[in-house]
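Trainee: Give me a 3D structure for the following:
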Amino acid sequence: MHREKSFTQLLEVFERKLRSGELVVGDRLPGERTLAETYGVSRASVREALRVLDAVGLITTGVGSGPKAGSVVVSEPSEALGWALRMHLATSSLPVADVISTRLHLEGPAMVEAAAAPDSLERDAALQRAGSYLDEMDDPQITDERFHFCDTRFHYELAAVGSNLVMKTIIDSLRIATISYVQEAVPHLEDWQAVKRTLQEQHRGILAAVVDRRPQDARARLEEHILWFSRQSLSFARPQP
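Mentor: Numbering: from 1, shown residues only. Next comes the predicted model:
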């Protein structure tokens, strides 16, 4: 009879399989019963391990039955880190101002790298995607939720041009973390439509500086953009203890 193991031991098994290449992104995990029998654990422990893996962005779980049911290995670190930061921001243990300061320290140099990055099909594609998000944000019928999503993706695409993968992931997670306080601030802004127009002018200026290979201008415009909007919105954020 197998000795009962905790869900953390299942997580260690999952990690070893990822490191060895036995599991790769896109693989489908066995069902709960099979995992429980294979590793001698309860189905409750299996479910707990799967919940943790889902929360940290390593699996996505389909519902129901059939070929699309069950858990599939993915890699979405930005979402996981972003949500963790959002929750800690909600407790006020992490000041929003410190998140903004961190963004400045990371995204400014990322814009310099993006503007100086050598020509490549990947660079061209990322800049085109960034421009497409801005085009969508110009639509007067766009919802606020979609506007914020496109804003986040715009910054992500520019960071992706020059930053290494870890830097890109952290920058993206910081953007995700600040969505809540931005959404809370919008209803209090005197003229949200005017603010959106200014944001778009700033976005276009950042993109043009990157496209035209003006590294320091791209950094300066990005920093001005972040600081300008933080001044518009921070006054409505929940006071820090």
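Trainee: What are the boundaries of the strands in this protein?
Mentor: All strands of the chain, identified by DSSP state E, fall at 59-62, 70-73.
Trainee: Buried deepest among those, which one?
Mentor: Highest mean neighbour count among the strands of the chain (mean count of other Cβ atoms under 10 Å): strand 70-73, with a mean of 18. For every residue, glycine as well, the C-beta is placed using N, CA and C.
Trainee: List just the one of the strands of the chain that sits closest to Ala80.
Mentor: Nearest to Ala80, of all those, is strand 59-62, at 11.1 Å by Cβ to Cβ.
Trainee: Partner strands of that closest one, with direction?
Mentor: strand 70-73 (antiparallel) (DSSP bridges).
Trainee: before we move on, the earlier item: a markdown table for the strands of the chain, including mean pLDDT and distance to Gly131?
Mentor: A markdown table is the format used below for the strands of the chain (pLDDT from 0 to 100; distance: least, Cβ to Cβ, whole Å):
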| stretch | mean pLDDT | distance to Gly131 |
| --- | --- | --- |
| strand 59-62 | 80 | 29 |
| strand 70-73 | 87 | 32 |
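Trainee: Nearest to Gln232 among the ones you listed would be which one?
Mentor: Of all those, strand 59-62 sits nearest to Gln232, with 35.4 Å by Cβ to Cβ.
Trainee: chain center to that closest one: distance?
Mentor: Distance of strand 59-62 from the chain centroid (Cα atoms, centre = their mean, to the nearest Å) equals 18 Å.
Trainee: Pull the residues that contact it.
Mentor: Contact partners of strand 59-62, identified using Cβ atoms under 8 Å, 6 or more residues apart in numbering, comprise 29, 50, 53-54, 68-74, 76.
Trainee: Quick check: of those, which lies closest to Arg214?
Mentor: Distances from Arg214 to the contacts of strand 59-62, taken by Cβ to Cβ, are shortest for Glu76, at 32.7 Å.
Trainee: Which residue comes closest to the closest one once chain neighbours are left out?
Mentor: Excluding the flanking residues, the one nearest Glu76 by Cβ to Cβ, 6 or more residues apart in numbering is Gly57, at 3.7 Å.
Trainee: okay but the one you found is in contact with Gly82, surely?
Mentor: No: applying Cβ atoms under 8 Å as the test, Gly57 and Gly82 come out as separate, 9.4 Å apart.
Trainee: where does this structure dip in pLDDT?
Mentor: 1-5, 62-69, 163, 234-241 (pLDDT under 70).
Trainee: again, only this time at 80
Mentor: 1-5, 61-70, 90, 92, 162-164, 176, 178-185, 187-188, 233-241 (pLDDT under 80).
Trainee: now stretch 154-166, how far from the centre of its chain.
Mentor: Centroid displacement of stretch 154-166 relative to its chain, using Cα atoms, centre = their mean, is 11 Å.
Trainee: can you pull the buried residues of it?
Mentor: Judged by neighbour count using 16 or more other Cβ atoms under 10 Å, the buried positions of stretch 154-166 are 154-163.
Trainee: what does it contact?
Mentor: By Cβ under 8 Å, 6+ apart, stretch 154-166 touches 78, 107, 110-117, 122-123, 126-127, 129-130, 133-134, 137, 167-168, 171-172, 175, 203, 206-207, 210.
Trainee: hmm, back to that, let me know which of the strands of the chain is the nearest to Glu224.
Mentor: With Cβ to Cβ as the criterion, Glu224 lies closest to strand 59-62 of the strands of the chain, at 37.8 Å.
Trainee: Wait, Leu89 touches Ile179, no?
Mentor: No: no contact is recorded between Leu89 and Ile179 when judged using Cβ under 8 Å, the distance being 10.1 Å.
Trainee: Fine by me, we can end here.
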